[in-house]
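Colleague: How does the following fold in three dimensions:
(chains A, B, C and D)
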There are 2 protein chains.
Amino acid sequence: MTGASFWSQFELRQLRCFVAAAEELHFGRAAARMNMTQPPLSRQIQLLEHVLGVKLLDRTSRAVKLTPAGRVFLLEARRILRLTESAALATRRIASGEAGTITLGFTAASGYSFLPRLLLQRASHAPNIDVALKEMVSSEQVESLLTGRIDVGLLRPPITRGEFTTIKVASERLVAALPFGDRRLGNASLRLADFDRQPLIMYAPDGARYFHDMLAALFEAEGVTPITIQSLSQIHSMLALVRAGIGAALVPEAAMSLHFDDVHFRAIETNPPRPVELFAAWRTDNDNPALAGFLDLLRQDEQDAVAASD
Amino acid sequence: MTGASFWSQFELRQLRCFVAAAEELHFGRAAARMNMTQPPLSRQIQLLEHVLGVKLLDRTSRAVKLTPAGRVFLLEARRILRLTESAALATRRIASGEAGTITLGFTAASGYSFLPRLLLQRASHAPNIDVALKEMVSSEQVESLLTGRIDVGLLRPPITRGEFTTIKVASERLVAALPFGDRRLGNASLRLADFDRQPLIMYAPDGARYFHDMLAALFEAEGVTPITIQSLSQIHSMLALVRAGIGAALVPEAAMSLHFDDVHFRAIETNPPRPVELFAAWRTDNDNPALAGFLDLLRQDEQDAVAASD
DNA sequence: ATTTAGCCATCCAAAATACGTATCGGTCCA
DNA sequence: TGGACCGATACGTATTTTGGATGGCTAAAT
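Modeller: This next block holds a predicted model:
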């Protein structure tokens, strides 16, 4: 006993036969439409009726009519068949990368300027690719990339893992954030030396290691020694302290979009001129089909970043 | 070559196999759940993937994982399978008569009292049977019953067709509709003789033959001869003329629910006391499965009608 | 490093299913 | 009453599906 003596489930082939017969109201023509002969079509419909336990078509040798139950089932069958087609279509689109979802990790700083620009590009160039956003610091992003919680990360170097591919997507200038009344606001442009032995709000070496190390290296190279008043890891918190007049801060130019009252920005000459770098990273073996289309967007930004750094 | 070398359509069996495999993430267990062995299940999934042109499951010898496209298709497949089950269920319910639609023809007069009562009964006793209403005169109902445009008609006798089954569902009294100020309003109850040589608004012999013939017979039997002022076929039009003071009218008591200002009703003694009969009729060979349930409602009214005529 | 166990894919013969041809039985029309 | 039409049935054939055996591969155990 293989348990197959009575099927409690019908097959799509039977639905297609039934729909054809119900629409033609003629088994011969319906069979022709199904590219088969009339007897097997009859059998398929008999099978369907047997499975349902319901007579769907009233057939005399002269005319074929839908029963009331058949009328209802015809609507259902059409809906099912339509759904199968759209399901296949949607799945093929996902697989081809035309549509899909990319889960994107980003740092708070990259959310100020780069991310909005990226999402605008996506809206016009790849409208069927959804982007799910997750804010996290760079180290969390590395972890999430490994576990697959995000497909792509927008993060700060260094990224050393061999299983990642990375591209530089933005290089930003540093700007000085100064409180209202600071004397240095009189200059249109500043140098790092202007911060020597001056109070500075610094990045925390643990929570914002990239910025901390980068600034430390810049100051070291110029022989400048600012007075670290406070160490923070969130840029908006630093600007709040600047506003309170506690000291100056050096932030990526994207932070200028934060618009704190009584906090003013001035350009700084640094070497290199655009020391704040943002990278995109993803697992080289990521199989998300939408990734290719999304990376095209990022590569466009890579071009811009390279062009801007010339 | 039978033209079956490449199918562009999948089958439900393949969906069921895929859903099982996607849920178990283990071909062996999935096969057990499908009551088969692992090789055919593998093949079904390969077939499905080939038809879609999309890889749905990433399978190494150590682990089975859904691809992004597979995740999407899993949702679609579940939806399709759910729909097939509900379609079968709904169709079986229709066929068993638990649910369905009855198209009901009714005369304007029956709509005043009997029909609302019937629909209330339906709401409580057969809530899954929908009733589609079509107002038409008795002769139109006979025609519509023959062509199948309505399942059941609520109409006036005589109904002579052999292919119909009929039951009497209501017997009503006649009442007199009198304009404000009519002397006969002084009596609580009238006799037909009160209308001898008095102006009367009569039924048209073509548009309302049943009422016309019935009244003519009643008057004839009593030797009464009213003066026919006007002949109409719609009861509400007759009451409008009564209100205008043109004359009296004899209407079924159900028409009392029309509530015309300055139109008052008085009982009339007739023989038989309830001469206005309403029948339900349907084709004996009607195959609408919901008919049986609907007829149960009507038969309840039949009981009432018989009881009332005692 | 080697063995072992687990898992999916492939191969192949057997079983199940679907198909097509021929034919039957019934209805409608001439 | 005979012919045309139509769906159901019978039956031999072709296709598909199935299950057991087997192979290849990987991760874990020894």
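Colleague: contacts, neighbours, all on C-alpha from now
Modeller: Noted.
Colleague: hmm, the longest helix along chain A in reach of DNA strand D?
Modeller: Secondary structure of chain A read by DSSP state H shows that its longest helix is helix A:68-96. No - using C-alpha under 7 Å from any atom of the strand, helix A:68-96 never reaches DNA strand D; the gap is at least 13.7 Å.
Colleague: just checking, what packs against that helix?
Modeller: If contacts are counted by 3 or more C-alpha pairs under 8 Å, 6 or more residues apart in numbering or on different chains; DSSP states H and E, helix A:68-96 sits against helix A:12-24, helix A:290-309, helix B:38-52, helix B:68-96.
Colleague: which of the residues in it are buried?
Modeller: For helix A:68-96, a neighbour-count test (16 or more other C-alpha atoms under 10 Å in any protein chain shown) marks A:68-74, A:76-77, A:80-81, A:83-84, A:87-88, A:90-96 as buried.
Colleague: how far does the helix or strand following it sit from the chain's center?
Modeller: The first helix or strand that comes after helix A:68-96 along the chain, using DSSP states H and E, is strand A:100-106. Its chain's average C-alpha position is 3 Å from that of strand A:100-106, according to C-alpha atoms, centre = their mean, to the nearest Å.
Colleague: partners of whichever residue of the stretch 101-250 of chain A sits closest to chain B in the sheet?
Modeller: For the stretch 101-250 of chain A, the residue closest to chain B is A:Thr101, as judged by C-alpha to the nearest C-alpha, at 8.8 Å. Beta bridges link A:Thr101 to A:Asp130 when assigned by DSSP bridges.
Colleague: residues contacting the closest residue to A:Asn187 other than its chain neighbours?
Modeller: Sequence neighbours aside, A:Arg266 is the residue nearest to A:Asn187 in space, at 7.9 Å (criterion: C-alpha to C-alpha, 6 or more residues apart in numbering or on different chains). Shown in contact with A:Arg266 (C-alpha atoms under 8 Å, 6 or more residues apart in numbering or on different chains): A:175-178, A:185, A:187-190.
Colleague: Could you find the closest non-adjacent residue to A:Thr84?
Modeller: Nearest one to A:Thr84, counting by C-alpha to C-alpha, 6+ apart, is B:Ile80 at 7.1 Å.
Colleague: if I read this right, the one you found contacts A:Leu83, doesn't it?
Modeller: Yes - counting by C-alpha atoms under 8 Å, A:Leu83 is a contact partner of B:Ile80 at 6.8 Å.
Colleague: The residue of the stretch 101-250 of chain A closest to chain B: what's it in contact with?
Modeller: Contacts of A:Thr101 were listed using C-alpha under 8 Å, 6+ apart, and they are A:129-132, A:290.
Colleague: Can you flag the buried ones in those?
Modeller: Buried members of those, counted by 16+ other C-alpha under 10 Å: A:129-131, A:290.
Colleague: out of those, what pair is the most spread apart?
Modeller: Within these, A:Val131 and A:Ala290 form the most distant pair, 10.0 Å apart (C-alpha to C-alpha).
Colleague: which neighbours do those two share?
Modeller: The contact sets of A:Val131 and A:Ala290 overlap at A:101-102 (C-alpha under 8 Å, 6+ apart).
Colleague: what's the burial count for the residue in the stretch 201-310 of chain A that DNA strand D sits nearest to?
Modeller: Of all residues in the stretch 201-310 of chain A, A:Asp285 sits closest to DNA strand D, at 13.9 Å by C-alpha to the nearest atom of the strand. Residues lying near A:Asp285 (other C-alpha atoms under 10 Å in any protein chain shown) number 9.
Colleague: what mean pLDDT would you report for the host helix or strand of A:Ser237?
Modeller: Under the criterion of DSSP H and E, A:Ser237 resides in helix A:235-243. For helix A:235-243, the mean per-residue pLDDT is 92.
Colleague: which residues of the stretch 1-150 of chain A score low on pLDDT?
Modeller: Low-confidence segments of the stretch 1-150 of chain A (pLDDT under 70): A:1-8.
Colleague: residues from it in reach of DNA strand C?
Modeller: Residues of the stretch 1-150 of chain A that fall close to DNA strand C, judged by C-alpha under 7 Å from any atom of the strand: A:4-5, A:35-41, A:43-44, A:60-62.
Colleague: Just among the residues you listed, which is most surrounded?
Modeller: The residue in those with the most neighbours, by other C-alpha under 10 Å, is A:Leu41 (25 neighbours).
Colleague: count of residues packed around the closest residue to chain B within the stretch 151-300 of chain A?
Modeller: Chain B sits closest to A:Asn288 of the stretch 151-300 of chain A, with a gap of 6.1 Å, by C-alpha to the nearest C-alpha. If you count neighbours by other C-alpha under 10 Å, A:Asn288 ends up with 19.
Colleague: cool, and A:Met256?
Modeller: Neighbours of A:Met256 (other C-alpha under 10 Å): 19.
Colleague: My understanding was that it contacts A:Phe265; is that so?
Modeller: Yes - here A:Met256 reaches A:Phe265: they are 7.2 Å apart, a contact under C-alpha under 8 Å.
Colleague: now the residue nearest the centre of chain A, nearest residue through space, not along the chain?
Modeller: In chain A, the centroid-proximal residue (C-alpha atoms, centre = their mean) is A:Val131; its distance is 2.6 Å. Distances taken as C-alpha to C-alpha, 6+ apart place A:Ile102 nearest to A:Val131, at 4.8 Å, with adjacent residues excluded.
Colleague: Get me the contact residues on the stretch 1-150 of chain A for DNA strand D.
Modeller: Checking the stretch 1-150 of chain A against DNA strand D by C-alpha under 7 Å from any atom of the strand, the hits are A:2, A:25-28, A:38-40, A:42-43, A:59-64.
Colleague: I'd like to know which of those is nearest to chain B.
Modeller: Nearest member of those to chain B, counting by C-alpha to the nearest C-alpha, is A:Thr2, at 8.5 Å.
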